[in-house]
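# Give me a model of this one.
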Amino acid sequence: MKKYLIGLSAIALSATPALAHHPLGGLPMETFTQGVLSGIGHPLLGFDHLFFVIAVGIAALYTGRAKLAPAAYIAAMVGGCLLMASGTSLPMKEAVIALSLLVVGGVVLSGRALGLVPAMVLFAGFGLFHGSAFGDSIATQEAAMGAPVLIGYLLGLGVLQYAIALGAGWVAKTLW
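Numbering: from 1, shown residues only. Sure thing, here's the model as predicted:
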């Protein structure tokens, strides 16, 4: 167990924000496939993103919306990314993202269910801001990447985040 924790700690400490956005070794995304790979790598290489998606899955389970709430988060995340890519920025993005960490963490800690409407508003609202941040980091750095690359990125990111959220909810349900 000690070896496992030491290895996991070493991996976590070696991650940098830049790695979360470019799992292609720092090379720009130029194809649909590279976009998919970058989207898949984003939550895996950026542990802050990975932990948030895990918290989304657990919080969604507690709200009684284990499949629907992560889907709402991801759909709104894609929408936020596309808004940013089209030049529309959301105000106070970083503050809302920080708030989302506190609120989703609070839902996980409370273990209380939310009704359908509050759960969807919560997850979709936060997804919109997280997506805008993804769009900001990708679209501004890769302005000339083109639609196929962005679509590939969002596809890889969305599918993997949904799988992680569902898996985290399943693990939480099984263990608790």
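# what about Pro91, how many neighbours?
8 (other C-beta atoms under 10 Å). Quick note: C-beta positions are derived from backbone N, CA and C, even for glycine.
# repeat for Ile151
16.
# Ok, Lys67 next?
Neighbour count for Lys67, taken as other C-beta under 10 Å: 14.
# Verify the contact between it and Trp170 for me.
No: counting by C-beta atoms under 8 Å, Lys67 does not reach Trp170; the two are 10.7 Å apart.
# so where's this structure uncertain?
By pLDDT under 70, the weakly predicted segments of the chain are 1-25, 46, 139-144.
# residue ranges for the strands of this structure, please.
Applying DSSP state E to the chain gives no strands.
# Tell me if I'm right that Gly169 and Ala66 touch.
Yes: between Gly169 and Ala66 a contact is recorded at 4.7 Å, counting by C-beta under 8 Å.
# can you list residues touching both of Lys67 and Trp170?
Common neighbours of Lys67 and Trp170 are not found (criterion: C-beta atoms under 8 Å, 6 or more residues apart in numbering).
# Who has more neighbours out of Gly169 and Ala66?
Neighbours per residue (other C-beta under 10 Å) separate Gly169 from Ala66, with Gly169 holding more: 23 against 20.
# dump the residue contacts of that one.
Gly169 neighbours (C-beta under 8 Å, 6+ apart): 57-58, 60-61, 66, 70.
# quick one: it from Gly158, how far?
From Gly169 across to Gly158, the span is 17 Å (C-beta to C-beta, to the nearest Å).
# Please apply the same query to His42.
Remark: distance between His42 and Gly158 (C-beta to C-beta) = 11 Å.
# ok, Tyr73 touching Phe126?
Yes: contact criterion C-beta under 8 Å: Tyr73 and Phe126 qualify, at 6.6 Å.
# okay, these two: which has more neighbours?
Neighbour comparison, Tyr73 and Phe126: the larger count goes to Tyr73, with 32 against 24 (by other C-beta under 10 Å).
# which residues does that one contact?
Applying C-beta under 8 Å, 6+ apart, the residues contacting Tyr73 are 56, 60, 123-124, 126-127, 130, 161, 165.
# Apply 6 Å and report the result again.
The contact partners of Tyr73, by C-beta atoms under 6 Å, 6 or more residues apart in numbering, come to 56, 123, 127.
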